[in-house]
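Colleague: Next input, structure requested:
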Amino acid sequence: MLNFDFYNPTRILFGQQRIADIDKHIAKSAKVLVLYGGGSVKATGTLQEVLTALGERTVLQFGGIEPNPSYETLMGAVEIVKQQNIDFLLAVGGGSVIDGTKFVAAASVYQGDARDILKTRGGVIKHALPMGAVLTLSATGSEMNNGGVVTQKDTHTKSAFFSQHTFPQFAVLDPTKTYTLPARQLANGVVDAFVHITEQYLTYPVNAPVQDRFAEGLLLTLIELGQQAVHNPTDYDLRANLMWVATLALNGLIGAGVPQDWSTHMIGHELTALYNIDHARTLAIVLPAMLTVRQDAKRDKLLQYAQRVWQITEGDEQQRITLAISKTKDFFNGLGVDTQLSAYDLNESHIDTIIQQLSAHKMVALGEKREVTPEVSRQVLMLCL
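Modeller: Okay, the predicted model is just below:
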């Protein structure tokens, strides 16, 4: 097992009717900015629940944060924070709203150009405004980690950032708040969580059986419950387990002390920034191809994955690996998520542009051993066609 630091200060308020409890975790004197995306939180009554829970505090609102939160939109929230002397931020929505709120928390108190936060992957963040989250979509795990991803529209750049200062102080996880989500978003959430886990698990062994078993248990749970959760919109237990899996998939626990990949994500980010494909759907396209191209480097863990997650024990090593990758692809397709670029009207003529963007953004040595060069990325993308 590798050396690691593990730190996660986020308090989780899990279960039904927990929004009311945010009153206990925000100072009575706080001036609060509530941030959200589209109109769904208004239509479902979730926003009103939040406002009721905030009681007599001074509360302002900022809506319109996109599914891939943009720097341009978020800077509008930064201006409100500065002008109105906001001292607490509350994200109400899914991972994009929470990611965006983390950026606002850091950018509002940063003295330089806020783009520095994105250019340095959060390295310039020395402090940030306190924030909390009310989760309405299970997918990214942003409610219990310190990272975010923001898109700069003018350069088609999707950039990640991280800081110990951008953990939410608390997150409300009420599974009933996901009941009204469309099947597409629920399926995306299952895929997103699944690939978050594999990015930390399907690398190479470092004798970390605790992390491996945690990861395998989460993957098995997603396989068992994923389709059921998508097609049973008001089954509380299904939604509760899906919500908790998505949170545990990226709160630092399963990634502590093990090598991590993230090359699938980096290529996926370019597909989203260039062609506006849902983040999770880019992951479903890229992951099977990435595992196929890099199967020699990932051989030991792929064999373990085949046996422990898919119960594949027959056939030679190559057959087992091939079948495990095929079952992964079938799982995504079974959720109604396409796994080929052609489903999004992309073909070989688009690959040069994607590779150019990866190179421009210095994504030229990706993966757990930094072996995913632009040429390897090209091989992966060719398999995605």
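
Colleague: How is the chain divided into domains?
Modeller: In terms of domains, the chain is parsed into 11-177, 183-384 (source: automatic domain parsing).

Colleague: Quick one: closest of these to Asn3.
Modeller: Smallest distance to Asn3 across these (CB to CB): 7.2 Å, for domain 183-384. No exception for glycine: its C-beta is placed from N, CA and C like everyone else's.

Colleague: what about the helices in the stretch 251-385 of the chain?
Modeller: Using DSSP state H, counting those that start in this stretch, the helices of the stretch 251-385 of the chain run over 263-275, 279-293, 299-308, 317-334, 351-360, 374-384.

Colleague: Just say which of these is most tucked in.
Modeller: helix 279-293 (a mean of 26; mean count of other CB atoms under 10 Å).

Colleague: So which other helices or strands are in contact with that one?
Modeller: Where contact means 3 or more CB pairs under 8 Å, 6 or more residues apart in numbering; DSSP states H and E, helix 279-293 is packed against helix 183-201, helix 263-275, helix 317-334, helix 374-384.

Colleague: what packs against the shortest one?
Modeller: Packing contacts for helix 374-384, counted by 3+ CB pairs under 8 Å, 6+ apart, involve helix 263-275, helix 279-293, helix 351-360.

Colleague: closest one to Asp300 among those helices?
Modeller: helix 279-293 (13.2 Å).

Colleague: Relative to Gly147, which of the helices and strands packed on helix 374-384 is closest?
Modeller: helix 263-275 (11.0 Å).

Colleague: Any idea how far the closest one is from the middle of the chain?
Modeller: Relative to the chain's own centre, helix 263-275 is displaced by 13 Å; criterion: CA atoms, centre = their mean, to the nearest Å.

Colleague: likewise stretch 10-23?
Modeller: Per CA atoms, centre = their mean, the centroid offset for stretch 10-23 relative to its chain is 21 Å.

Colleague: what does stretch 91-102 give?
Modeller: 11 Å.

Colleague: what mean pLDDT does it have?
Modeller: Averaging the model's pLDDT scores along stretch 91-102 yields 97.

Colleague: Also stretch 27-34?
Modeller: 97.

Colleague: List the buried residues in that stretch.
Modeller: Ala30, Val32, Leu33, Val34 (16 or more other CB atoms under 10 Å).

Colleague: Out of those residues, flag the one nearest to Val309.
Modeller: Distances from Val309 to these, taken by CB to CB, are shortest for Val34, at 39.7 Å.

Colleague: So the closest one, which state does it fall into?
Modeller: strand (DSSP: H, G, I helix; E, B strand; the rest coil).

Colleague: My guess is it contacts Ile86. True?
Modeller: No - between Val34 and Ile86 there is no contact under CB atoms under 8 Å: 10.2 Å.

Colleague: so what sits against both of those two?
Modeller: By CB atoms under 8 Å, 6 or more residues apart in numbering, Val34 and Ile86 have these common neighbours: Leu60.

Colleague: hang on, the earlier thing: nearest to Gly367, of the helices and strands packed on helix 374-384?
Modeller: helix 263-275 (4.5 Å).

Colleague: Report the angle between that closest one and helix 351-360.
Modeller: Helix 263-275 and helix 351-360 are oriented at 110 degrees to each other (axes from the mean of the first three to the mean of the last three CA atoms, to 10 degrees).

Colleague: start the count at 79, not 1, going forward
Modeller: Happy to do that; since the first residue is 79 now, the last one works out to helix 341-353.

Colleague: and helix 341-353, what does it pack onto?
Modeller: Using 3+ CB pairs under 8 Å, 6+ apart: helix 341-353 touches strand 225-230, strand 235-240, helix 261-279, helix 357-371, helix 429-438, helix 452-462.

Colleague: re the thing from before, can you check which of the helices and strands packed on helix 357-371 gets nearest to Leu152?
Modeller: Judging those by CB to CB, what sits closest to Leu152 is helix 341-353, at 15.5 Å.

Colleague: Rounded mean pLDDT for that closest one, please.
Modeller: Mean predicted lDDT for helix 341-353 stands at 96.

Colleague: Return it as PDB; C-alpha atoms alone will do.
Modeller: This file holds the C-alpha atoms of helix 341-353, laid out as PDB (Å, rounded to 0.1, in the frame of the first residue of the first chain):
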ATOM      1  CA  SER A 341      -7.200   9.100 -18.100                       C
ATOM      2  CA  THR A 342     -10.800   8.200 -19.100                       C
ATOM      3  CA  HIS A 343     -12.000  11.300 -17.400                       C
ATOM      4  CA  MET A 344      -9.500  13.600 -19.000                       C
ATOM      5  CA  ILE A 345     -10.500  12.400 -22.500                       C
ATOM      6  CA  GLY A 346     -14.100  12.500 -21.500                       C
ATOM      7  CA  HIS A 347     -13.700  16.200 -20.500                       C
ATOM      8  CA  GLU A 348     -12.600  17.100 -24.000                       C
ATOM      9  CA  LEU A 349     -15.600  15.400 -25.500                       C
ATOM     10  CA  THR A 350     -17.900  17.400 -23.200                       C
ATOM     11  CA  ALA A 351     -16.100  20.700 -23.800                       C
ATOM     12  CA  LEU A 352     -16.000  20.300 -27.500                       C
ATOM     13  CA  TYR A 353     -19.300  18.500 -28.300                       C
END
